[in-house]
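1. Got a predicted model here, sequence first, then my questions.
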Amino acid sequence: MNSDRIRPHRIAGHWSWRQFVGAVLVLFSACEVGLAQLPATRLEGLFPAGAAPNSTVEITIAGADLDDVDRLLFSHPGFKAERKLAEETPFDEGRQPVDNVFLLTVASDVPVGNYEIRCQGKYGLSNPRTFVVSSLPEIVEAEPNGENNLPQWTEVDDGAGGKTRTNPATEITLASAVNGQSSSGADVDWFRFQGAQGERLIVDGFARRIDSQMDLVLSLYDATGRLLGESRAYQSGDPLLDVSLPANGEYFLKAHDALYRQGAGYFYRLHMGSFAHIDFVFPPAGLPGTNDEYTIYGRNLPGGQNSGFSIDGKPLQQVKAPIAIPGDVANRLEFSSRLDPHLGGVDGIEQRVVNGAYKSNPILITKATAPPVLEQPNNDTSKSPQQLMLPCEVAGQFYPQRDIDWYQFEAKQGEVWSIDVYSERLGLPTDPAFLLQRITLTEAGEQQVSGVVFLDDVQEQNFNNMSGRHEFDMRTTDPSYLFTVPADGAYRLMLKDGASSVKSDPRLVYRLAIRKPTHDFRVVAVPGDSTGSLMLRKGGRDVVRVFVDRQDGFDGEIRVSATGLPGGVTTEEVIIGPANRMGTLILTAAPDAPATVGTLNVMAKAVVEGQEIIRPARYGTALVPFQFNQPNANIPSVPGRLVNRIQVCVSDSEPAPQVLTIGDGKVIETSRGGVVKIPYQVARQEGTAGNLLGFPIDFPPQTNAQQVNIGGNEKGEFELRFAATTPPGTYTFYLAGFNQGMQYKRNPELAAKAKERQERIGKILTDAQQATQQAQQLTQQRQNELNQANTALSQANTQKQQADQAATNAANAQKQAEGALKQKQDAAATNPSDEALKAQVTQAVTARDDAAKKQKEAETLAAEATKKQQEATEVQTAATEAKTKADMEFQAAQQFQQRAQQEKQRADQFANQKQNEANPRGFNVHVPSNPVTLRIADFPINVDALPEAVSVKQGEKAEVVVKVSRLYEFTGAVNVQTQLPGGVGGVSIQNVTIPDNQPEAKYELSAAANATVGEHACTVRLQMNFNGQNLVLERPLKLQVIEVKPAE
């Protein structure tokens, strides 16, 4: 499993175990109040984590305290991001931005490489996360894309009566960059692609290198499910698959977290194709200003030849190429992939190989510190060591497995050589150790070996400002040693590695530098806040830790300053005192500082060998949040890395809840043994109670600095006690305030906005409920009207039917009457004189006329019935349409009411959540003070009068006057003692005491008649006790004893 190194820290020697336990118990008690720290924007993940030039992608960010995050900032101007807008809804005015989703455009001229992305919101500018720009086509996984087993092809209906084959694995093409994430549950991602026989496929997995928490595992299968390759943590901490495809066809790649974890911080990228990959370069370093030939080892190298090396059975190729090392590489560390904290002190540049349109991974080439020498074969035993001419720097390999390399050199007594091994600091998973031996010859001419030193991990002193912080642990497993040669002769050095004892890996290279000590230093500036960001509340402070990598025993003072601050933000120059390895820049925002962003430019300077040198800082960050802890708390270090820059911003409205101020604005001066009392003041915003503790940070080594129990006091004082062993010099320190359970309201403005929206949505819901009720009533009304219309239409239909029947009957009757009349008329025509027939005709005419009248009346009634039917139909149609419309409006009202109820529920939950967050509760808050400079002198006195030389004749006396001026309120006695060198006789010297509060004393030198004649180098020792610390000041005194010859 890939995990970042956990480094335990030791407890400071100047804190007693009882004090430490007490302080830790206090801190644990504070944790019961609330583990939360004041909110600060933190970016934990983004997806996808890369894009191609000249493209636009939708990315989603995740993290903590992302309130009102409305912009993204990049380390290159070719990026542009705007918030994604949701579709317009009736609950808000206009289109609203989607929380934490942005549309990112990468310009066409953005070079391939890694860039840093930050987000900014109410709680400031976040920590950086890595965003990759590649020259490969970008693919984003599509979920669901498989489970644990190989995805199977299935047939499904194509919607056109046919069948189509489908597979859940995301389809990709080679070469490409794939973006994936472990988003929920035991997420397993599958990808499928077509491969060609003989193709050497490289799958480079990126997780740790792009700030993901994922321990990525990759497996490659053919279409039958046969495993072709599997890889987990590689040299970079990420997996690398190298497989020569056995046949043309389809292949499946499986990706998942080793423990099947998931969340916003579990994302990855895969670079897949037959492109070049560099494994290592030999030698791994070069002298500044050179352009020598190097051998590059890797896979798919253009023009590559078989190297004879292999890794896990995969052969490596090699090519030779010149690599130019810049002359100013001493101030540079340029590398576009992840660099861990322990590489913060090396110098170097990156090298890539171009294969067609694609660039390989980068490899770091470091700066050599002495003339390079290559390791020679057959140096594996003490009997055949490789002979070295000093100074030199050997480039070697811990290869093959259990390799041990021996070297021998000649050195002269009194010479000082720096012996420095670089291997872990080359970014390699190694643990080197060396043994230094002295070789002498016995009188019989036999070789005799005696050990000088064995070094494995470098031991660090237990000072909190040397290695007592855990957010950026620069310690290394590489051993270093300043060797003072005890005698002329031959010395032999054995070098081995713990990692190579269990595997055979040609990538495990090293540099063995044996050089004259060259005092120098590098510094790395790191945000001190656990979020990795720097957000200053108005009137408040934040800190930047400055870690120092001192080289070859350099222990001088280092002055650190910063520019590039936002308007209204200031910082004072700080001094990292002798031998200290950490200082702290205190950034202070004015109460009226505008809400702006600045990019820090931190510079460090020191006087080395009489010359001032300036070193620009590198920058780093912790990768996971951590709780504030007492200095030197014995807790593991958290993972961190180097970053391109540090940015700082000022809150747009929120004031600092508390401000801690120490000192009186002046430099504090004392000496070894001194005790200084330093005043403090605390300004608190109303309602920000809590128990405030103070921990002095960056004070001189060997200082008794106790925890300061400020509590709820507005003012007070604390003291620092300096030991006789405290190194003199100038130091800048500060008081790290830690408020346990400070009352704080989190984002009450958002709570007010959420409540306002809750009320507004509540009114919308009420209106929607009323509208639904009205729509329901209208629907019922329309139903009644439709029922009435249906009844009327039914009646009209009946009446129409009856009228039509009556008209039909009348027509039939009229027709019958016409027939009867004709019949009578025909009969009468045949018998014109028949009166009876004539009467029948008359009756038939009357019957016909009556039938015609009735027919007309029936037709009139039928027409009226038809009209009424038409009118009833129209009314019924209108009623039906009105009812349909009312039903639709009622349904729409119900649906909107349901949406409003859901939106109201969300608004209620959000408002309640934000109100709970805005209610006052206890937070653990870091309250750093302003910096104060200490100047520690050697002694609390100055010697104003003490002769450099005294003459006395044999048999006579001489008087010596010692005058001192007292400093730093020292009032004690000073004992004066003069020591004679060996071999001097006949001289007696009084011991004398300068009494309390007195400036001088006198004493006599007596020379006997036989006193040793000549000039004698004496030592005058002025011993004093300053606050219980014994101090001894020594001055030379030349005593001239003049010979007095006997009288003749």
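-> Arrived safely.

2. Identify the residue spatially nearest to the most centrally placed residue in the chain, adjacent ones excluded.
-> Nearest to the centroid of the C-alpha atoms of the chain, with distances taken as CA atoms, centre = their mean, sits Leu623, at 3.6 Å. In space, and not counting its chain neighbours, Leu623 is closest to Pro639: 4.7 Å by CB to CB, 6 or more residues apart in numbering. To be clear about C-beta, it is placed using only N, CA and C from the backbone, and glycine gets the same treatment.

3. Let me know whether the one you found touches Ala622 as I believe.
-> Yes. Counting by CB atoms under 8 Å, Pro639 touches Ala622, with 7.4 Å between them.

4. Compare the two (neighbour count), which wins?
-> The residue with more neighbours, out of Pro639 and Ala622, is Ala622; 26 against 21, by other CB atoms under 10 Å.

5. tell me the phi and psi of the more buried one?
-> Dihedral pair for Ala622: phi -80, psi 150, per degrees, to the nearest 10.

6. number of nearby residues for the residue lying closest to it once chain neighbours are set aside?
-> In this structure, Ala622 finds its nearest non-sequential neighbour in Glu471, 4.1 Å apart by CB to CB, 6+ apart. For Glu471, the neighbour count with other CB under 10 Å is 24.

7. Was I right to think Glu471 contacts Leu623?
-> No. With contacts counted by CB under 8 Å, Glu471 stays clear of Leu623, the gap being 9.4 Å.

8. any shared contact partners between these two?
-> Taking CB atoms under 8 Å, 6 or more residues apart in numbering as the contact definition, Glu471 and Leu623 share the neighbouring residues 638, 640.

9. Quickly find the element holding the closest residue to Phe280 other than its chain neighbours.
-> Nearest residue to Phe280 in three dimensions, chain neighbours excluded: Arg507, at 4.5 Å (CB to CB, 6+ apart). Under the criterion DSSP states H and E, no helix or strand holds Arg507.

10. Check Arg507 and give its pLDDT.
-> Note on Arg507: pLDDT of 96.

11. How are the strands of the stretch 51-200 of the chain distributed by residue range?
-> 55-64, 71-74, 79-85, 97-106, 113-121, 124-125, 129-133, 138-140, 154-157, 163-166, 170-171, 176-181, 188-195, 200-206 (DSSP state E, counting those that start in this stretch).

12. got TSV for those, with mean pLDDT and distance to Ile365 too?
-> Putting these into TSV (pLDDT from 0 to 100; distance: least, CB to CB, whole Å) gives the following:
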stretch	mean pLDDT	distance to Ile365
strand 55-64	95	32
strand 71-74	95	27
strand 79-85	96	29
strand 97-106	96	28
strand 113-121	94	17
strand 124-125	91	33
strand 129-133	96	22
strand 138-140	95	30
strand 154-157	79	52
strand 163-166	80	49
strand 170-171	93	37
strand 176-181	96	26
strand 188-195	95	34
strand 200-206	96	20
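
13. out of those strands, which comes closest to Ser965?
-> Nearest to Ser965, of all these, is strand 124-125, at 51.8 Å by CB to CB.

14. residues making contact with the closest one?
-> 40-41, 73, 118-119, 533-536, 597, 647-649, 651.

15. Mind doing that once more with 6 Å?
-> The contact list for strand 124-125, computed with CB atoms under 6 Å, 6 or more residues apart in numbering, reads 40-41, 118, 533, 535, 647, 649.

16. repeat for stretch 373-384
-> The contact list for stretch 373-384 (CB under 6 Å, 6+ apart) reads 385-386, 392, 394-396, 404-406.

17. Pull out the buried positions in that stretch.
-> Using 16 or more other CB atoms under 10 Å as the burial criterion, the residues of stretch 373-384 that qualify are 373, 375, 379, 382.

18. any idea which of these is closest to Lys666?
-> Distance to Lys666 across the buried residues of stretch 373-384 (CB to CB) is lowest for Val373, with 54.1 Å.

19. Let me know the secondary structure of the residue nearest to Ala622.
-> What DSSP: H, G, I helix; E, B strand; the rest coil gives for Glu471 is coil.

20. what are the phi and psi angles of it?
-> Main-chain dihedrals, Glu471, degrees, to the nearest 10: phi -80, psi -20.

21. can you check Lys763 too?
-> Dihedral pair for Lys763: phi -70, psi -40, per degrees, to the nearest 10.

22. Once you drop chain neighbours, what's closest to Phe102?
-> Leaving aside its sequence neighbours, Phe102 sits nearest to Ala81 (CB to CB, 6+ apart; 4.6 Å).

23. what do you get for Gln816?
-> Nearest in space to Gln816, with sequence neighbours left out and distances taken as CB to CB, 6+ apart, is Ala851 at 7.4 Å.

24. Over to that neighbour: give its phi and psi.
-> Phi and psi for Ala851, reported as degrees, to the nearest 10, are phi -70, psi -40.

25. Any idea which helix or strand in the protein has the lowest mean pLDDT?
-> In the chain, the helix or strand scored least confidently by mean pLDDT, DSSP states H and E is helix 17-33, which has a mean of 35.

26. after that one comes which helix or strand?
-> strand 42-47.

27. Give me the helices and strands touching that following strand, please.
-> The contact analysis (3 or more CB pairs under 6 Å, 6 or more residues apart in numbering; DSSP states H and E) places strand 42-47 against strand 55-64.

28. Mind listing what's buried along the strand it packs on?
-> Neighbour-count burial for strand 55-64, counted by 16+ other CB under 10 Å, picks out 57, 59-64.

29. if we can go back for a sec, among the contacts of stretch 373-384, which are in helices?
-> Secondary structure defined by DSSP state H assigns none of the contacts of stretch 373-384 to helices.

30. and which of the residues you listed is nearest Ser176?
-> The closest of the contacts of stretch 373-384, once distances to Ser176 are taken by CB to CB, is Ala395, at 36.8 Å.

31. looking at the chain, which residue ends up farthest from its center?
-> Residue farthest from the centre of the chain, counting by CA atoms, centre = their mean, is Ser833 at 133.5 Å.

32. So for Ala872, which of the strands of the stretch 51-200 of the chain sits nearest?
-> Across the strands of the stretch 51-200 of the chain, closest to Ala872 is strand 154-157 (CB to CB), at 50.2 Å.

33. thought the residue nearest to Phe280 was touching Asp279?
-> Yes. Between Arg507 and Asp279 a contact is recorded at 5.4 Å, counting by CB atoms under 6 Å.

34. between those two, which one's more packed in?
-> Using other CB under 10 Å, the more surrounded residue of Arg507 and Asp279 is Asp279, with 25 against 20.

35. Show me what secondary structure element comes after the host helix or strand of the more buried one.
-> Asp279 is part of strand 277-282, with elements assigned from DSSP H and E. Sequence order places strand 285-286 as the next helix or strand after strand 277-282, per DSSP H and E.

36. How far does that next one sit from its chain's centre?
-> 30 Å (CA atoms, centre = their mean, to the nearest Å).

37. For whatever helix or strand comes next after that strand, which residues meet the burial criterion?
-> Under the assignment DSSP H and E, the closest C-terminal helix or strand after strand 285-286 is strand 291-299. Neighbour-count burial for strand 291-299 flags 294, 296-299 (criterion: 16+ other CB under 10 Å).

38. For whichever strand or helix holds Gln801, name the packing helices and strands.
-> Using DSSP H and E, Gln801 falls within helix 748-830. Applying 3+ CB pairs under 6 Å, 6+ apart, one finds that helix 748-830 contacts helix 835-918.

39. What's the mean pLDDT across the helix it packs on?
-> 90.

40. can you tell me how far Met737 sits from Glu818?
-> Quick fix: residue 737 reads Gly, not Met. Distance, Gly737 to Glu818, by CB to CB, to the nearest Å: 123 Å.

41. Thanks a lot, catch you later.
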